[in-house]
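>>> Quick one, fold the following:
(one chain, ligands or ions: 2)
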Amino acid sequence: MMLEEALKLLKKITEHSYDAYIVGGFVRDYILGIESNDIDINTNATPKQIREIFTDSCLPSEDYGSVTVMYKRIRFEITTFRKELTYVNNRKPVEIEYINNLYEDLIRRDFTINTLCMNKDGKIIDMLDGRKDLDARIVNTVGDATAKFSEDALRILRAVRFATILDFKLSDEVRKGIKNTKELLHNLSYFRKKEELDKIFTSPNYKNGIKLLLEFGLDKELEIPNLKKVLDSNTSSLIGIWSILNVTDKYPFNKNELELIEDINLAMTLDNLDPMNLYRYGLYVNSVAGEIKNEDIKVITEKYAKLAIKGKRDIDIDSQTIMKELNKAPGKYLKEIYEDLEEKIIKGELVNNKEEICKYIKERY
Ligand code: ATP
Ligand code: MG
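Ligands and ions are numbered 1, 2, ... in the order given. The predicted structure follows:
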């Protein structure tokens, strides 16, 4: 079990006479009965000291104040107790100071529900009333919300994310804080904003998350003016939602995602039951486009299944045979013939059968 392995890891660190605790998401989710994939540890050992304990199992870390350890096939993010000193442009602090004090490390964190710790004996340590908010299912900042969000505006989106994923309420403080600071979202990179939005959109509870974003007018600050349309549509696929938002000029996507978004937007303007459209753009793109338009996906899937061919390779003839039939050398004409065959077969004007196709080719070409 993950917890047992984590406690073993804590024991290993404390045997070297350092303090170490499980902190944040894992403890929060553990109390809620939710499974986590990774475990955050905080400790008064420096990254260098941690690397000395886990010489063989350290992964290269992105963050210079922490060490990632793979221990018993679990990913541990081990972070030294710290104070965050300077925030530039309401983004991640550029300077940190290691400290030897758990309390100080906890008060720099975002939400009370993320300050719960567990020691090596499995005992919960609750210095900032995290348990109270967790039981009441409330997202509450550690200290003044406006100050927290002004330091790091990403916390606004993290608040919405936790409220969405956990189905929690935002505290009145947090609500006020969001209203006071929401303009600061402009200072964050689109990359970081997208990471949080992705987590909100992939939650089964995503509609509540979108309602929260709309309630605070964050769609405006995030420059996703189509957000309301997502509520009217029926798609719960992440790529479908981003297709509706249609902000590929601002937010980062990989090549594959860009192609899908473009195709889905095009397929949205087409008849998704038309055999030629189904053939050309495929089942996935047509289904997502159909979902967005609140069409019956079952009908689209059935229509697709009935297509005589799904691709060129399914045509019951090869180019060798075509050349032999026409007594011609290879050339560009082959591509034209194939495209003609595709269309005729898809439209049901030609049977996908070698003899029929040969007959047609000899008559037509
Ligand atoms: P999950 O891993 O499920 O996304 P988490 O709460 O573990 O949720 P992480 O991003 O892994 O979130 O961060 C670990 C902990 O670090 C958090 O629980 C929180 O205590 C603290 N933390 C993370 N990001 C911030 C931030 N922007 N400001 C303040 N504290 C933060
Ligand atoms: Mg985590």
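>>> top helix in the chain by residue count?
Taking DSSP state H as the criterion, the chain has its longest helix at helix 275-292.
>>> List the buried residues for that one?
Of the residues in helix 275-292, those scored as buried under the neighbour-count criterion (16 or more other Cβ atoms under 10 Å) are 275, 277-281, 283, 285-292. Any C-beta I mention is one placed from the backbone N, CA and C, and that applies to glycine too.
>>> Nearest to Glu52, out of those residues: which one, please.
If you rank the buried residues of helix 275-292 by distance to Glu52 using Cβ to Cβ, Val288 comes first, at 50.4 Å.
>>> residues touching that closest one, list them.
By Cβ atoms under 8 Å, 6 or more residues apart in numbering, the contact set of Val288 is 235, 237, 239-240, 243, 264, 267.
>>> How about Gly240?
233, 264, 288, 291-292.
>>> With Trp242 instead?
Contact analysis of Trp242 by Cβ under 8 Å, 6+ apart lists 201, 248, 251, 253, 257, 261.
>>> so Tyr30 touches Ser36, yeah?
Yes: distance between Tyr30 and Ser36: 7.3 Å, which falls inside the contact criterion (Cβ atoms under 8 Å).
>>> residue contacts, the residue nearest to Ser150 when sequence neighbours are not counted?
The shortest distance from Ser150 to any non-neighbouring residue, by Cβ to Cβ, 6 or more residues apart in numbering, is to Thr181 (5.5 Å). Thr181 is in contact with 146, 149-150, 153, 156, counting by Cβ under 8 Å, 6+ apart.
>>> cool, Thr14 as well?
Remark: with contacts taken as Cβ under 8 Å, 6+ apart, Thr14 is in contact with 20, 120.
>>> Which single residue in this structure comes nearest to ligand 2?
In the chain, the residue found nearest to ligand 2 is Gly25; the distance is 3.7 Å by Cβ to the ion.
>>> Sketch out the low-pLDDT regions of this protein for me.
With pLDDT under 70 as the threshold, the chain has low-confidence stretches at 62, 86-94.
>>> what's the domain layout of it?
The record's domain split for the chain, according to automatic domain parsing, is 1-132, 137-223, 226-307, 312-364.
>>> Is ligand 1 within reach of the first one?
Yes: remark: domain 1-132 sits within contact range of ligand 1 at 24-25, 40, 109-110, 114, by Cβ under 6 Å from any ligand atom.
>>> where along the stretch 1-150 of the chain do the helices fall?
Using DSSP state H, counting those that start in this stretch, the helices of the stretch 1-150 of the chain run over residues 2-15, 25-32, 47-53, 102-107, 130-136, 145-151.
>>> which one of these lies closest to Glu221?
Shortest separation from Glu221 across these is recorded for helix 145-151, at 11.9 Å, computed as Cβ to Cβ.
>>> In terms of secondary structure, what does that closest one contact?
Applying 3 or more Cβ pairs under 8 Å, 6 or more residues apart in numbering; DSSP states H and E, one finds that helix 145-151 makes contact with helix 154-166, helix 172-181.
>>> which non-adjacent residue is nearest Pro225?
Counting by Cβ to Cβ, 6+ apart, Pro225 lies nearest to Asp219, which is 6.3 Å off, once chain neighbours are set aside.
>>> Now do the contacts for that neighbour.
In this structure, Asp219 makes contact with 213, 225, 227-228, judged by Cβ under 8 Å, 6+ apart.
>>> cutoff 7 Å now
Contact criterion Cβ atoms under 7 Å, 6 or more residues apart in numbering gives 213, 225, 227 as the residues in contact with Asp219.
>>> what about the closest residue to Leu157 other than its chain neighbours, neighbour count?
Distance criterion Cβ to Cβ, 6+ apart; nearest residue to Leu157, sequence neighbours excluded, is Glu196 at 3.8 Å. The local packing of Glu196 (other Cβ atoms under 10 Å) involves 20 other residues.
>>> Next: Val174.
Considering only other Cβ under 10 Å, Val174 is surrounded by 24 other residues.
>>> for Leu102, what are its contacts?
With Cβ under 7 Å, 6+ apart as the criterion, the residues that contact Leu102 are 19, 21, 81.
>>> List just the nearest of the contacts of Asp219 to Met118.
Sorting these by how near they are to Met118, with Cβ to Cβ, puts Leu213 at the top with 32.4 Å.
>>> Please verify my assumption that the closest one contacts Leu227.
Yes: contact between Leu213 and Leu227 holds when scored by Cβ atoms under 7 Å: they sit 6.3 Å apart.
>>> what about these two, which has more around it?
More crowded of Leu213 and Leu227, by other Cβ under 10 Å: Leu213, with 24 against 19.
>>> what's the strand or helix carrying that one packed up against?
For Leu213, the element it lies in under DSSP states H and E is helix 206-215. Helix 206-215 is packed against helix 154-166, helix 227-232, with contacts defined by 3 or more Cβ pairs under 7 Å, 6 or more residues apart in numbering; DSSP states H and E.
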